[in-house]
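Visitor: what follows is a predicted protein model with its sequence.
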Amino acid sequence: MVAATPRTAGTDVKGPIVAKTTQQPPEFADTAPYTVDYVHDCPAPVEAAFEVFKDNRGGTRWLGWFVTAVTPTSDPEHGVGSTRTVTFLYGLGSLEERFVAWEENRLWSFTATSFRPRFFSSFMERVTFEAVDETRCRIHYRAGIDFTALGRPFARPAIAFLNRAIVPTLERMSALAVEQLR
């Protein structure tokens, strides 16, 4: 395992709307005050699905209309300690992430280090991959979330949105994994 060296991200915005978040271990996805949980059967081998997850810049192809850029901010770009910035709605929001667990073709997990706007005090995503057979895999997505005082009034709609958004997100990811096999 090689430690990643952070680079300065061009999308970093300082100021009162940026919330440094409490970094969390992957287990936070099981103990957080709010969670999003979804199991998806992918019609592609586990290696193909994991490759789609690894492709930082390609994330805009499957993460959803609201994600406008995914920028690696470390060298190397992958593995425990690597970092990236996810930009929402052309810069209206951003999420700085640091990967805290990474097992090729098995586990992909990050913790948020900051989130703009200041809605989340902790945000963790953990994705596990399990081969069903040579042509299919099962993906278990789990997010653990806590909200700032400013974000608490939006907790219910935010969790409802994330629960709805994860289904088509993983469907788009699956379609891309299948397409890349051709």
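Guide: Arrived safely, thanks for sending. If you're wondering where the values come from, they're calculated on a predicted model, not measured in any experiment. Numbering: from 1, shown residues only.

Visitor: for the longest helix along the chain, packing partners?
Guide: In the chain, with assignment by DSSP state H, the single longest helix is helix 155-181. The helices and strands touching helix 155-181, judged by 3 or more Cβ pairs under 8 Å, 6 or more residues apart in numbering; DSSP states H and E, are strand 34-42, helix 46-54, strand 137-147. C-beta: built from backbone N, CA, C; applies to glycine.

Visitor: do you know which of those lies nearest Gln24?
Guide: strand 137-147 (6.6 Å; Cβ to Cβ).

Visitor: low-confidence ranges, the protein, go.
Guide: 1-19 (pLDDT under 70).

Visitor: could you say which helix or strand contains the spatially most central residue of the chain?
Guide: Ranked by distance to the mean C-alpha position of the chain (Cα atoms, centre = their mean), the top residue is Glu125 at 5.5 Å. Assigned by DSSP states H and E, Glu125 belongs to strand 120-131.

Visitor: show me what that strand packs onto, helices and strands only.
Guide: By 3+ Cβ pairs under 8 Å, 6+ apart, strand 120-131 packs against helix 28-31, helix 46-54, strand 107-116, strand 137-147.

Visitor: mind listing what's buried in it?
Guide: For strand 120-131, burial by neighbour count (16 or more other Cβ atoms under 10 Å) applies to Phe120, Ser121, Ser122, Phe123, Met124, Glu125, Arg126, Val127, Thr128, Phe129.

Visitor: quick check, nearest of those to Thr135?
Guide: Closest approach to Thr135 among the buried residues of strand 120-131 (Cβ to Cβ): Phe129, at 14.1 Å.

Visitor: mind listing what the closest one touches?
Guide: By Cβ atoms under 8 Å, 6 or more residues apart in numbering, Phe129 lies in contact with Val46, Ala49, Phe50, Asn105, Arg106, Leu107, Trp108, Cys137, Arg138, Ile139.

Visitor: that's all I had, so thanks and see you.
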